[in-house]
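1. okay, here's the prediction I keep looking at, along with the sequence it came from:
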Amino acid sequence: MNFNKKSPWILHYDGSSCNGCDIGVLACLTPLYDVERFGVINTGNPRHADILLLTGSLNAQNIPVVQQIYDQMPEPKVVAAIGICATSGGIFAECYNVVGGVDKVLPVDVYVPGCAARPQAIIDGVVKALSILDEKQNALKGR
Amino acid sequence: MSLITVLILFPLAASIMVYLVRRENIRNTIVRVGAVITAGLTLVTAIAYFNDGFQLSAQGTEFIDICMMVVEVCLAVYIIVTGIKEKKYLLSLFSVAQIILILWFEFTQKEGIEVETGIILDKLSSVMILIIGVIGSLICIYAVGYMKSYHVHHTEVKERKSFFFAVLFLFLAAMFGLVLSNNLMWIYFCWEITTFCSYLLIGYTKAEEARNNSLLALTINVGGGLAFACAIVMIGMNFRTLELSNFIAMQPEALVLVPVLLLCLAALTKSAQLPFSAWLLGAMVAPTPSSALLHSATMVKAGVYLIIRLAPLLGETVVGRIITLVGAVTFLACSLIAISQRDAKKVLAYSTIANLGLIVICASVGTQESIWAAILLVIFHAVSKSLLFLSVGSIENQIGSRNVEKMDILMNVSRKLAVCMIIGISGMFLAPFGMLISKWVAMKSFIDSRNMIIVVILSYGSAATLFYWGKWIGKLVSNGQPKVDEPHGGLYKDEKVPIFIHAVIVLLSCLAYPIISKYAIVPYLESTFGISASTPIGTGDQILMVLMVVMICLLILVPLGYIPLNIRPKRRITPIYMAGENAGDNENFIAATGIKRKSEMSNWYMEGIFGNKNLMLLSNIISIVLLCIGVLLLIGRWA
Amino acid sequence: MLLAIKVILIIILTPLAGGLLAGFDRIISARLQGRKGPPLLQPFYDVLKLLQKETIEVNASHRFYVYVSLLFIVFTAIVMLLGGDILLTIFVLTLGSIFFVFGGYASQSPYSVIGAERELLQMMAYEPMVFMTAAGLYYVTNTFFIKDIISRDIPAIVYLPAIFLGFVYILTFKLRKSPFDLSVGHHAHQELVQGISTEYSGRALAAIEVTHWYESIIAMAFVYIFFAANSVISHVVALIVCLVVYLFEIIVDNSTVRVKWQMALTSAWVVSGVLGILNLAVLFFFEF
């Protein structure tokens, strides 16, 4: 039996977001949405995290940072791109410094659209991510 | 010639030989052989006389007395002249007063005082000679290797190795004499010789600082010697005896307590208790083997040895209480100050003073249990502390610094040294090593004797102890990478072997303590107190012992931490977390504008709280006030 | 044989109780913040998940210390719950805690080293009171053995109320609760990430969690010792008091902010000193 689903721990990275999605992510922890009901903890530390939530588009400066953080997460792990900027670069896509969505750098498993992404949508994204996490766990076991 | 005489005279002979031989190789061999023979002699003596003890009712001691007198006068003249030359008039004054007092006593008062037994070897002295002989000779061997590297690194110091080794052996002889004598005059003589050896070794480098510190040490210890001389005169004149054993057997009345206080004062200076501790801190300029031998493992133990001997006269008396409090102040203050020290030898020095303070407390509380704890503390402290000193000495030669902060690379420079160091430090404060067991018993005895304030002080002091040792081990276990371009000195076999033997002794001693307790300490207590004694913590408690052994085994596993525990394919190793900005080498991070910055990680020293300036002054004042109160109370009782 | 069964039961049941306590803690905390909170068994889910995850290393040695720490803490729990020597318990507990600190140093990450320093400081802050507790219990009962201490006619609390208060004060350190959660934290503490446990993942992290469960039960057992005597009622009362004290700690955790280390150290030392000396002095003076 896999326990990923019961205890998803989250790491939240702010790329070059306008902070709209970040407020959305943090709102999930507030009493109104209270994701801790599902065992979700915002860890703030890649070593402990299962799910990497990325908000905002990626730029030349933060690509190595994101890669390093992703590398420091233990397997199995999933990446969720939160908000339209993280999925495709959004309105910043044409900026001189912006590379585009997260999937240019990391293997993204879940895309959560929205500008800003609503908390409900984020929670939904995390739940989707959990089933992928479960698959990855099984794949690891099989190896 | 009895074994005892050989034991005392052999190091003396070795000393003279080493001094005369100037060829490096031959001299080194003599030192090694001499040290091994000394250790062997000690073992043989201890085993031969262990059960029955030994008493020497020496006839014709006049010759010895005259020799001693001549040496003493020569020493005094030397010290007086030095004092005047160096403008340390206090030193000369002490020495003049001392020699006049002793000569006057010798020629006018001593008539008719018979010393029946000059030498007594009982269980306590056996333990002491074992410490001195075994640890001392290991340190002598170590010194051979250490001094080689020392003169490579310190080219500015003039090479006087013959002198150095000679003094080490001379010191061993004096120390044997000190713990074996029962004649107060002889003890006093040996006492002065150890003081003088210490002076010579501290001043070894002849640098400005070394000279000042050596003179300071001499001044304070000669002052203590003066107190000793006064005590001898008082004992001789009032009780017409010069035997320590007779003196101890007396009732603690006012007339007896005055010389007891004087003797304790002498002991406090020798053991570097507050307010007399400045000299031991200064003594750390000496080459490390001498710090290990004199300033931690053996010489400073002479002071507490005397207090342990006097313990039956202390206990509930005024003097006992005052000495206990002085020890307590020392223990607490020095434990706290040690937190603020970065220099490894300074940390060791403060910890030595603190632990001596603890031993002084235990001895002066004067109950059976507390003396049990005191003797065990003496043993375990000597073993662990000399291991630590030897390791620090070699580390200094290896990484070129005594700063604790720099020791984070040690694991990758010399893993063996690091492990020995960790064993030594653990021996000082962790279960199941002896220091902790003794502390445990000490605590019990303080509660039993209703010294509540001491219990509180012990708990604070232990907490501080935990902090400064803990952070030191922390530095040792961290995996700093040494810079490639820095050269690292080698480790000579002469250094390696004594360090390893020491480490093994530390590990074994935690198993051996029930044996030591059963065969040495309990019989000693029974003979001293005249009632049956038992080991304060139940050795019959087999379960406890088994558990202890399990724990030791676990601790030995520590070095195995470097052997990967898993058999499965290697785990993924990633760079440490630095908020995603790790530059890849685990030491630097990418700072603003893309430049690399080093992440500096330092231990906490909290100089604002535990700095030695205010704390030292305050505790010195407290201890002086305590001693003054003691003197006043004593005068009050006498009057 | 009986002993072996007891030991095995202690090894298994202690973390179960500790985990439940942690789950209870998280629910109560959530309720205090107006949330529903996770299920009661959440801590177990977390640990089981961690056991299934990959364990990453930053160097070859740092994981080792955490496992040794766990071993010693388990050992402590065994000695303590079998009614062994209270001083031995304290010493082994210290040993366990200090190995955890070494784990922080060995990771050599800036965050874990800061955490380790702080943890060491906290140990220095709470250790005097722990010692005085043992001293006080020995003074009153004349034995260091827990099984003898809790089988007397009058519970120790009658003689040691001030020491008990002091102990509850330093319990906050031991349970890693605010305002004294300087070194490790479940809550997002941005300036030191997760303190000592920053570099641990997977099984090593699970070991740290389980260690903490053991530690909370050990801490509660100290509270228990104060209240238990040779009547059944007193044991019930002791259990209730343990729960009340834990509840109190949760409330304190949620209603205070983390203090600076200066405050943590000085306040703990002053409180221990005043309460400890007061209590011991009164005992001594009236010759109890």
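-> Looks like it arrived, so ask away.
2. packing partners for the helix of greatest length in chain A?
-> Using DSSP state H to define each element, chain A has its longest helix at helix A:119-142. Where contact means 3 or more CB pairs under 8 Å, 6 or more residues apart in numbering or on different chains; DSSP states H and E, helix A:119-142 is packed against helix A:20-27, strand A:51-55, strand A:78-82, strand A:110-112. Just so you know, the C-beta spots here come from the backbone N, C-alpha and C atoms, and that holds for glycine as well.
3. show me what counts as buried in it.
-> A:119, A:121-123, A:125-126, A:128-130, A:132-134, A:136-137 (16 or more other CB atoms under 10 Å in any protein chain shown).
4. shaky segments in the chain?
-> Picked chain A for this. For chain A, the stretches with pLDDT under 70 are A:142-143.
5. the chain in question should be chain B.
-> Short version for chain B, where the test is pLDDT under 70: B:1, B:58-60, B:484-489, B:532-570.
6. tell me who's in contact with whichever residue of it sits closest to chain A.
-> Per CB to the nearest CB, B:G580 is where chain B lies closest to chain A, at 3.6 Å. Residues in contact with B:G580 (CB atoms under 8 Å, 6 or more residues apart in numbering or on different chains) are A:13, A:62, A:64-66, A:68-69.
7. which of the residues you listed has the most neighbours?
-> Within the contacts of B:G580, most neighbours by other CB atoms under 10 Å in any protein chain shown means A:Y13, with 25 neighbours.
8. assumed that residue was part of a helix.
-> No. Counting by DSSP: H, G, I helix; E, B strand; the rest coil, A:Y13 is not part of a helix but strand.
9. is the closest residue to it other than its chain neighbours bridged to anything, and to what?
-> Leaving aside its sequence neighbours, A:Y13 sits nearest to A:L54 (CB to CB, 6 or more residues apart in numbering or on different chains; 5.2 Å). In this entry, A:L54 is beta-bridged to A:Y13, A:A81, by DSSP bridges.
10. what about A:L54, distance to chain C?
-> 17 Å (CB to the nearest CB, to the nearest Å).
11. let me see the contact set for that residue.
-> A:13, A:15, A:66, A:79-82, A:86, A:102, A:106.
12. for B:F169, which non-adjacent residue is spatially closest?
-> For B:F169, the spatially nearest residue (CB to CB, 6+ apart) is B:S15, at 3.6 Å.
13. could you point out the helix or strand that follows the helix or strand harbouring B:V300?
-> Assigned by DSSP states H and E, B:V300 falls within helix B:299-310. Downstream of helix B:299-310, the next assigned helix or strand under DSSP H and E is helix B:318-338.
14. now the next helix or strand after that next one against helix B:299-310, angle please.
-> Following the chain from helix B:318-338 toward its C-terminal end, the next helix or strand by DSSP H and E is helix B:344-365. With axes from the mean of the first three to the mean of the last three CA atoms, to 10 degrees as the basis, helix B:344-365 and helix B:299-310 are set at 10 degrees to each other.
15. return the distance of helix B:344-365 from the chain's centre.
-> 8 Å (CA atoms, centre = their mean, to the nearest Å).
16. quick one: list the elements packing against that helix.
-> helix B:254-270, helix B:278-282, helix B:288-292, helix B:299-310, helix B:318-338, helix B:368-399, helix B:434-448, helix B:452-477.
17. quick one, it and helix B:434-448 angle?
-> 40 degrees.
18. got the residues of chain A near chain B?
-> A:13, A:45-47, A:62, A:64-66, A:68-69, A:71-72 (CB under 8 Å from any CB of the partner chain).
19. most widely separated two among the residues you listed?
-> Farthest-apart pair in the residues of chain A next to chain B is A:R47 and A:N62; separation 19.5 Å (CB to CB).
20. next secondary structure element downstream of the helix or strand harbouring B:A503?
-> Using DSSP H and E, the element containing B:A503 is helix B:493-516. Later in the chain than helix B:493-516, the nearest helix or strand by DSSP H and E is helix B:522-529.
21. coming back round to it: so which elements touch the helix or strand encompassing the residue nearest to B:F169?
-> Following DSSP H and E, the helix or strand that holds B:S15 is helix B:3-20. Counting contacts by 3+ CB pairs under 8 Å, 6+ apart, helix B:3-20 is packed against helix B:24-49, helix B:161-180.
22. for the shortest one, packing partners?
-> Packed against helix B:161-180 by the contact rule (3+ CB pairs under 8 Å, 6+ apart) you find helix B:3-20, helix B:24-49, strand B:119-121, helix B:123-130, helix B:136-153, helix B:184-202, helix B:288-292, helix B:299-310.
23. chain center to it, what's the gap?
-> Using CA atoms, centre = their mean, the offset of helix B:161-180 from its chain centre is 15 Å.
24. same list (the helices and strands packed on helix B:161-180) but as CSV, adding mean neighbour count.
-> What follows is these, written out as CSV (neighbours: other CB atoms under 10 Å in any protein chain shown):
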stretch, mean neighbour count
helix B:3-20, 18
helix B:24-49, 18
strand B:119-121, 21
helix B:123-130, 24
helix B:136-153, 23
helix B:184-202, 24
helix B:288-292, 28
helix B:299-310, 27
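25. assign the residue in chain A that chain B sits nearest to to helix, strand or coil.
-> Proximity of chain A to chain B (CB to the nearest CB) peaks at A:V65, 3.6 Å away. Three-state assignment for A:V65 (three-state DSSP): helix.
26. what residues does the residue nearest to C:G23 when sequence neighbours are not counted make contact with?
-> Leaving out its chain neighbours, the residue that sits closest to C:G23 by CB to CB, 6+ apart is C:L40, at 4.2 Å. Applying CB under 8 Å, 6+ apart, we find C:L40 in contact with C:20, C:23-24, C:27.
27. same question for B:F529.
-> Neighbouring residues of B:F529 by CB under 8 Å, 6+ apart: B:312, B:368.
28. swap in C:Y105?
-> Applying CB under 8 Å, 6+ apart, the residues near C:Y105 are B:473-475, B:477-478, C:112-113, C:116.
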